[in-house]
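Participant: sequence-free structure coming up:
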């Protein structure tokens, strides 16, 4: 049985591996700010990939740059993040706010903020964004919590990771 | 007298410095010895020993040999069953000095065979908690596609069966008697295989099905058993084809007849031998007209003709005949859906044809840009390398593809159904067409071993690609400048591979083999070598290895050989390690002038039993910012009479060498947390707002790997010092690049501020 599954994962690979530019990586900076007691999340994602993921998930045909549909697009992005990005502080699920997005060349930045975090003993992040559409997707999370720096490499096989602080 | 005093003092200062050093080391424990770990040590141990095929200068040597393989082929594509049938006569010329016991033939399509090992070399896991019917069927109900070669015969020139052994994607032809140097061996193969739907099953070759009109668009490559390379670098290059690392192929001449449905439009590598037979009269006329149209493309097959053909499903066939000289491979594209446009390009007074083939789904984007981008690419690459030697270059529209073959390539970039497209789709299409057409130069002509070294074609090509894109559109959004590679180079070290890694085993293939080498070459050209030296050396490499098989050493050596620069430190750092660049300003100490002895001067004088009173009005003292009471009252050079007197006593010749007097002295400590060594670029901003740029060669780090000091002496006060202000050196942390330290909001905070306003 597993063989068929492998094939599926594999089949997608050649489509991008040999094209001029394609590789599937998102970079997410997660930084805890003691002054504001908030966690700042900055996601850097290829626009084409996010667009394809959102259009496939919600059966739409949006261009993420289209300004007249900004509100609809923001709602979809917000939903998409909520369904794929989970942040747990001290073993508790935390709500976060989607502040907005910005484009630069072929990437889009998404900004999220978690407020009212007094202290962090542990932080767990799940991020399965884009993995449904691109099985090779890698989401790299760079955490800076107080003086601790840590990188999570999240993939379809392991889409969450935990950092414990003393 | 004055002169002697000064002289004496300077001697004293030098010896006291030397003494202090000796005293300082006295207490240190003796460390054990070590081998040479300098970042500037030569690359000799990493590079293959030069020989008379690959010389020490990086050029092909006087005994350089290369095999030649000629093919005569008949290919038929059955559109109804999506099968490809072929037979070929291969003539193998053993130009090497060696005798060969066997020949290795590549069977690339076996990577898609039902028993391929490629899928089993991957980890698999349960993903997602639910599936829709399409995904579930694909994942769990469908048998693997069988796209492997079915060999009908392998026989010699006299039609006697040959002994052969298939090892996955490689086949060994067992010769009855060894093939001597200078001999030729003729043999024949017949085969067929199922063509994959590359949208569903992946791959660089295959077809896309268009359900609306029921047609297929074929882009076909790696479709015939082809000889592996034999040389004095790898012996037989018979590493398996796992699906990623591309090809190593010999040059030769191809005579190819391709039979497809009569209503298809087809093009392939090689000179079309029978245009009159395969084109309508009007199309043939346009085909000829295009050869004289240097400004705008001429449409040879119109959209209306293509749309009419889409509705036909001819049972009859047509044979397109090609002859390709001195190519390493062939590719072909065929469909009823093809529109074909063409433009002539003047390459140094030789006419080359730029062609595009695309279905109506590619318009209006493709008719507007594709052929013009092909023409631009040929011109710019010819400038950076050599005049494009082939007679044509074709860009074929293929969804999700970006893949290159000699004279022909497949490119993505499809507008939405209503014909609109975003700037990103446009730029992506211009970028991929430039890139894939550019591959004609690397590796189709400068024929490096792609199976082994992805960067040698992808990296060099991505570098020239940028120059061509900027030429096409000065505002083009490129992704391979040094500043663009910072994120990759600052990644977790566990997920980085040196560029000098065989392609199948590289993490993050794109940035590793494409952008990082291209960014490195940009850095080398613009910052390390300068355009003139770089361009000459790069062109020398390209010309030396036209239609030959270069290795990395040939590239590294030629770049040094032709420019008079030792770049071993650059290759070592950028290509052989995953080190990154990070340089910062650690400390700036300001010194002023005074005529009063400073604490340091008094201490030094005491050490050597000098009485500074004896030197009254004979010395210039440097006073640090910590000691000086009021910097505004600091002495200037003009305040020192004795300096004036001294200068006046000089000969005219010596006087003419006196420059503007500095009054302010800045001792700057540059630290280097990063492992790379690169030129140090410093920008000084003066109190009057003027700026000055100083660049120190990478060699400044050779004896001071972690930090180095420089004194900037100036007549004006310096208000700001910046390292690498134009982001030329891929410095991964620029928060330490300026003095005084800039405190900047991070990107997140900037965005929040923007929202508030």
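Facilitator: Perfect, I can see it now. Just so it is clear, the model here is predicted, and its values are computed rather than measured.
Participant: Contacts only, for residue B:250.
Facilitator: Neighbouring residues of residue B:250 by Cβ atoms under 8 Å, 6 or more residues apart in numbering or on different chains: B:66-69, B:227, B:229-230, B:328. For every residue, glycine as well, the C-beta is placed using N, CA and C.
Participant: Residue B:350 now?
Facilitator: residue B:387.
Participant: What ranges does the stretch 401-550 of chain B have for its helices?
Facilitator: Using DSSP state H, counting those that start in this stretch, the helices found in the stretch 401-550 of chain B span residues B:423-438, B:454-472, B:486-489, B:509, B:516-523, B:531-544.
Participant: List the contacts of the third one.
Facilitator: Helix B:486-489 is contacted by residues A:27, A:44, B:496, B:508, B:511-512, B:515-516, B:578, B:580-581, B:730-732 when judged by Cβ under 8 Å, 6+ apart.
Participant: gap between it and the chain center?
Facilitator: Relative to the mean C-alpha coordinate of its chain, helix B:486-489 is positioned 16 Å out (Cα atoms, centre = their mean, to the nearest Å).
Participant: tell me the average confidence for that helix?
Facilitator: Average pLDDT, helix B:486-489: 90.
Participant: Then stretch A:132-141?
Facilitator: pLDDT averaged over stretch A:132-141 gives 88.
Participant: And that stretch, what's buried?
Facilitator: Of the residues in stretch A:132-141, A:132-141 count as buried by neighbour count, 16 or more other Cβ atoms under 10 Å in any protein chain shown.
Participant: can you tell if that stretch touches chain B?
Facilitator: Yes: against chain B, stretch A:132-141 shows contacts by Cβ under 8 Å from any Cβ of the partner chain at A:132, A:135, A:140.
Participant: Adding secondary structure as columns, could you present these in a markdown table?
Facilitator: Listed next are the residues of stretch A:132-141 next to chain B as a markdown table, based on DSSP: H, G, I helix; E, B strand; the rest coil:
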| residue | secondary structure |
| --- | --- |
| A:132 | coil |
| A:135 | coil |
| A:140 | strand |
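Participant: Residue B:289 belongs to a strand, doesn't it?
Facilitator: No: going by three-state DSSP, the assignment for residue B:289 is helix, not a strand.
Participant: Just list the residues touching residue B:184, thanks.
Facilitator: Residues near residue B:184 by Cβ under 8 Å, 6+ apart: B:91-94.
Participant: among those residues, which ones are buried?
Facilitator: B:91-94.
Participant: Can you tell me which of the residues you listed is closest to chain A?
Facilitator: Nearest to chain A out of the buried ones among the contacts of residue B:184 is residue B:92 (Cβ to the nearest Cβ; 28.1 Å).
Participant: So that closest one is in contact with residue B:183, correct?
Facilitator: No: between residue B:92 and residue B:183 there is no contact under Cβ atoms under 8 Å: 9.0 Å.
Participant: So, low pLDDT: which residues of chain B?
Facilitator: Applying pLDDT under 70 to chain B flags the ranges B:1-27, B:126-130.
Participant: So it: which segments form each domain?
Facilitator: B:64-117+B:142-250, B:664-756 (automatic domain parsing).
Participant: Residue A:83 is nearest to which of these?
Facilitator: domain B:664-756 (22.5 Å; Cβ to Cβ).
Participant: what's the offset of that closest one from the middle of its chain?
Facilitator: With Cα atoms, centre = their mean as the basis, domain B:664-756 stands 28 Å off its chain's centre.
Participant: what's the span of that domain, first residue to last?
Facilitator: The first residue of domain B:664-756 is 44 Å away from its last residue (Cα to Cα, to the nearest Å).
Participant: on that earlier part again, which two of the contacts of residue B:184 have the greatest separation?
Facilitator: Pairwise distances across those peak at 10.9 Å for B:91 and B:94 (criterion: Cβ to Cβ).
Participant: anything in contact with each of those two?
Facilitator: Listed as contacting both residue B:91 and residue B:94 by Cβ under 8 Å, 6+ apart are B:184-185.
Participant: before we move on, back to that, okay, the helices of the stretch 401-550 of chain B in a markdown table with distance to residue A:116 and mean neighbour count next?
Facilitator: Below are the helices of the stretch 401-550 of chain B laid out as a markdown table (distance: least, Cβ to Cβ, whole Å; neighbours: other Cβ atoms under 10 Å in any protein chain shown):
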| stretch | distance to residue A:116 | mean neighbour count |
| --- | --- | --- |
| helix B:423-438 | 38 | 24 |
| helix B:454-472 | 46 | 24 |
| helix B:486-489 | 31 | 20 |
| helix B:509 | 42 | 21 |
| helix B:516-523 | 41 | 26 |
| helix B:531-544 | 55 | 18 |
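Participant: Including distance to residue B:609, could those helices go into CSV?
Facilitator: Shown next, in CSV, are these (distance: least, Cβ to Cβ, whole Å):
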stretch, distance to residue B:609
helix B:423-438, 73
helix B:454-472, 63
helix B:486-489, 55
helix B:509, 69
helix B:516-523, 53
helix B:531-544, 54
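Participant: now for those, which one comes closest to residue A:63?
Facilitator: Nearest of these (Cβ to Cβ): helix B:423-438, 8.4 Å.
Participant: do the closest one and chain A meet?
Facilitator: Yes: for helix B:423-438, a contact with chain A is found by Cβ under 8 Å from any Cβ, at B:423-424, B:427-428, B:431-432, B:435-436.
Participant: tell me what that helix is packed against?
Facilitator: If you count contacts as 3 or more Cβ pairs under 8 Å, 6 or more residues apart in numbering or on different chains; DSSP states H and E, helix B:423-438 packs onto helix A:47-58, helix B:365-384, strand B:392-397, strand B:402-405, strand B:408-411, helix B:454-472.
Participant: Mind listing residues that contact that helix?
Facilitator: A:19-21, A:47-48, A:65, A:106, B:365-366, B:369-370, B:373-374, B:376-378, B:381, B:393, B:395, B:402-404, B:409-415, B:461-462, B:464-465, B:468-469, B:472-473, B:476-478.
Participant: buried subset of those residues?
Facilitator: For the contacts of helix B:423-438, a burial check counting by 16+ other Cβ under 10 Å picks out A:19-21, A:47-48, A:106, B:365-366, B:369-370, B:373-374, B:376-378, B:381, B:393, B:395, B:402-404, B:409-415, B:461-462, B:464-465, B:468-469, B:472, B:477-478.
Participant: on that earlier part again, out of the buried ones among the contacts of residue B:184, who's nearest residue A:74?
Facilitator: Nearest to residue A:74 among these: residue B:92, at 62.6 Å, using Cβ to Cβ.
Participant: Name the helix or strand for that closest one, please.
Facilitator: Residue B:92 belongs to strand B:83-93 when assigned by DSSP states H and E.
Participant: What pairs with that strand, parallel or antiparallel?
Facilitator: The pairing partners recorded for strand B:83-93 under DSSP bridges are strand B:68-78 (antiparallel), strand B:184-194 (antiparallel).
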